[in-house]
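Undergrad: sequence and predicted structure, then a few things I'm wondering about:
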Amino acid sequence: MLTHVPRAPETTATADIRIPDGLKPADGRFGSGPSKVRQAQVEALAQAAPTYLGTSHRQKAVKSVVARLRAGLSELFSLPDGYEVVLGNGGTTCFWDIATFGLIERRSQHLSFGEFSSKFAAAAKAAPHLADPWIIESATGTHPEAVADPDIDLYALTHNETSTGVAMAINRPPGAASPADGGGLVAVDATSGAGGMRVDPAQFDAYYFAPQKCFASDGGLWVALLSPAGLDRVEKLAASDRWVPAFFDLKTCVDNSKLDQTYNTPALATVLLFTEQVEWMLAGGGLEWTAGRCDRSAEILYTWAEQSDFAMPFVEKPSERSHVVGTIDFVEAVDAAAVAAVLRANGIVDTEPYRKLGRNQLRIAMFPAIDPEDVAALCGCINYVVGALAQ
């Protein structure tokens, strides 16, 4: 695989390159989070603002929107009876800490294959009331597999590793007992995958995410889809003598969510933008429709890269390539940082790679709100910029 620390792109040549308007995408936002927000969402927020923004989150004006959001997510993910949509403040980073108090009973197993999947493992390892977690790692650009073990009471998976563009199918570990028979829960970090990738609720007990990726909203909020087994674990640990800070108390979050509210005040704009995106997804045809849009964008991006003489997909196995966040390596002769700088100067933004990965590549979001035709236009713009830089 190609490795390269990006070079500084500040040159007169890059500043002077202008991409013809006819080549540019209709919308130039390709960031992996915060992501593109559709104009219709912004307009809906502006329309609701006079009676919504600046009002109590425990009153009908806000609780009705939270109710719409919870119902919409339940429908989008086809949640079976007994599952709950739970909300709280703080984003996915907060939920990792919440899970160490409210979901892991004694010992967890973590698949670590990038910056974000490693963070939950680190949180579990640092928790003084838990046994050291079993961390299974794999090389960058791949993902490992979970291993069934009766000593494990929670398996921590990641649907899509945002830093590397590696995705994995979500399944309970082969041979693992079900939670009903004393087996471990399956908790899935779905922050950048939820809403753009298919998932079977029968395969998870906690599927948690934040709204600034596929759901085209702002950050600072987390959602967890909890199975009956997951809810039972919450109740069991809440009844134990384990000390839990009030902000990290998952039972408090569950109880408040059932009342269509959060424990403390959420960002009301985020909640409404999130709700509007979920309802747009449902109107289009649900999760199969949104995943189909991402599939088409991924087909365009990876086909272009495979046919290019200067680019190639970073993730070698097609089955492990993300359909929501694409990572594309460049040959050494092409400076990806310079390409990203020219794109940005032309209004095509946030294509830079994840900062800690240190590769000569671009990272391109393909979330449902991003039109596949814009992904195709982006590929054409990259070809144009690389050609201009070579002159």
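TA: Happy to help now that I have it.
Undergrad: C-alpha from now on. contacts and neighbour counts both.
TA: Fine.
Undergrad: OK, contacts around residue 95?
TA: By CA atoms under 8 Å, 6 or more residues apart in numbering, the residues touching residue 95 are 208, 222, 248.
Undergrad: neighbours of the last one, how many?
TA: Using other CA atoms under 10 Å, residue 248 has 21 neighbouring residues.
Undergrad: begin at 27 from now on, thanks
TA: Yep, numbering from 27; the last one is residue 274 now.
Undergrad: so who does it touch?
TA: Here residue 274 is in contact with 120, 121, 123, 124, 127, 128 (criterion: CA under 8 Å, 6+ apart).
Undergrad: could you pull out the helices in the stretch 227-376 of the chain for me?
TA: With helices called from DSSP state H, counting those that start in this stretch, the stretch 227-376 of the chain shows them at 254-264, 276-283, 294-310, 313-333, 362-371.
Undergrad: so after the last one, what's the next helix or strand?
TA: What it means is helix 362-371. Counting by DSSP states H and E, the element after helix 362-371 in chain order, helix or strand, is strand 387-391.
Undergrad: what lines up beside that following strand in the sheet?
TA: Strand 387-391 has its sheet partners listed here by DSSP bridges as strand 351-356 (antiparallel).
Undergrad: helix 313-333 and the partner strand, what's the angle between them?
TA: Counting by axes from the mean of the first three to the mean of the last three CA atoms, to 10 degrees, strand 351-356 lies at 0 degrees to helix 313-333.
Undergrad: show me what the host helix or strand of residue 97 is in contact with.
TA: Element membership of residue 97 [criterion: DSSP H and E] is helix 86-102. Residues outside helix 86-102 that contact it (CA under 8 Å, 6+ apart) are 77-78, 81-83, 110-112, 221, 285-287, 294, 297-298, 300-301, 304-305, 307-308, 312-313.
Undergrad: type out the PyMOL command that picks the buried ones from these.
TA: Only the buried members of the contacts of helix 86-102 enter the following PyMOL selection, criterion being 16 or more other CA atoms under 10 Å:
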select buried, resi 78+83+110+111+112+221+286+287+294+297+298+300+301+304+305+307+308+312+313
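Undergrad: and the residue nearest the centre of the chain, what does it touch?
TA: By CA atoms, centre = their mean, the chain has its centre lying nearest to residue 218, at 1.3 Å. Contact analysis of residue 218 by CA under 8 Å, 6+ apart lists 58, 185, 186, 187, 188, 235, 236, 239, 240, 350, 351.
Undergrad: now the third one: how far from residue 67?
TA: When distances are taken as CA to CA, to the nearest Å, residue 186 and residue 67 turn out to be 25 Å apart.
Undergrad: ok, now the fifth one?
TA: Distance, residue 188 to residue 67, by CA to CA: 24 Å.
Undergrad: looking at these two, which has the bigger crowd around it?
TA: Neighbours were counted for residue 188 and for residue 67 using other CA under 10 Å; residue 188 has more, 28 against 19.
Undergrad: for the more buried one, grab phi and psi.
TA: Main-chain torsions, residue 188, degrees, to the nearest 10: phi -60, psi -30.
Undergrad: distance-wise, check it relative to residue 209.
TA: Residue 188 sits at a distance of 29 Å from residue 209 (criterion: CA to CA).
Undergrad: residue 153: neighbour count?
TA: Residue 153: 14 neighbours (other CA under 10 Å).
Undergrad: that one reaches residue 126, doesn't it?
TA: Yes - the pair residue 153 and residue 126 passes the contact test of CA atoms under 8 Å, sitting 6.9 Å apart.
Undergrad: what about the strands in this structure?
TA: With DSSP state E, the ranges of strands along the chain come out as 110-115, 134-138, 160-163, 180-184, 186-187, 192-193, 211-215, 232-235, 247-252, 337-339, 351-356, 387-391.
Undergrad: distance to residue 42 added to those strands, as a markdown table?
TA: Putting the strands of the chain into a markdown table (distance: least, CA to CA, whole Å) gives the following:
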| stretch | distance to residue 42 |
| --- | --- |
| strand 110-115 | 44 |
| strand 134-138 | 42 |
| strand 160-163 | 44 |
| strand 180-184 | 41 |
| strand 186-187 | 35 |
| strand 192-193 | 35 |
| strand 211-215 | 42 |
| strand 232-235 | 40 |
| strand 247-252 | 41 |
| strand 337-339 | 23 |
| strand 351-356 | 22 |
| strand 387-391 | 21 |
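Undergrad: tabulate those in TSV, adding columns for mean pLDDT and distance to residue 320.
TA: Formatted as TSV, those follow (pLDDT from 0 to 100; distance: least, CA to CA, whole Å):
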stretch	mean pLDDT	distance to residue 320
strand 110-115	97	24
strand 134-138	98	24
strand 160-163	98	27
strand 180-184	98	18
strand 186-187	96	13
strand 192-193	98	13
strand 211-215	98	19
strand 232-235	98	18
strand 247-252	98	21
strand 337-339	98	16
strand 351-356	98	9
strand 387-391	98	9
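Undergrad: any idea which of those strands is most buried?
TA: Mean neighbours per residue, mean count of other CA atoms under 10 Å, is largest over the strands of the chain for strand 186-187, with a mean of 30.
Undergrad: which elements pack onto that strand?
TA: Applying 3 or more CA pairs under 8 Å, 6 or more residues apart in numbering; DSSP states H and E, we find strand 186-187 packed against strand 192-193.
Undergrad: tell me what the strand it packs on is packed against?
TA: Other elements packing on strand 192-193 under the criterion 3+ CA pairs under 8 Å, 6+ apart are strand 186-187.
Undergrad: can you give the contact residues for the strand it packs on?
TA: Contacting residues not belonging to strand 186-187 are listed as 139-143, 192-194, 215-219, 348 [CA under 8 Å, 6+ apart].
Undergrad: can you check stretch 246-265 too?
TA: Contact with stretch 246-265 is made by 108-118, 120-121, 127-129, 131, 205-206, 211, 230-237, 275-277, 292-293, 296, as judged by CA under 8 Å, 6+ apart.
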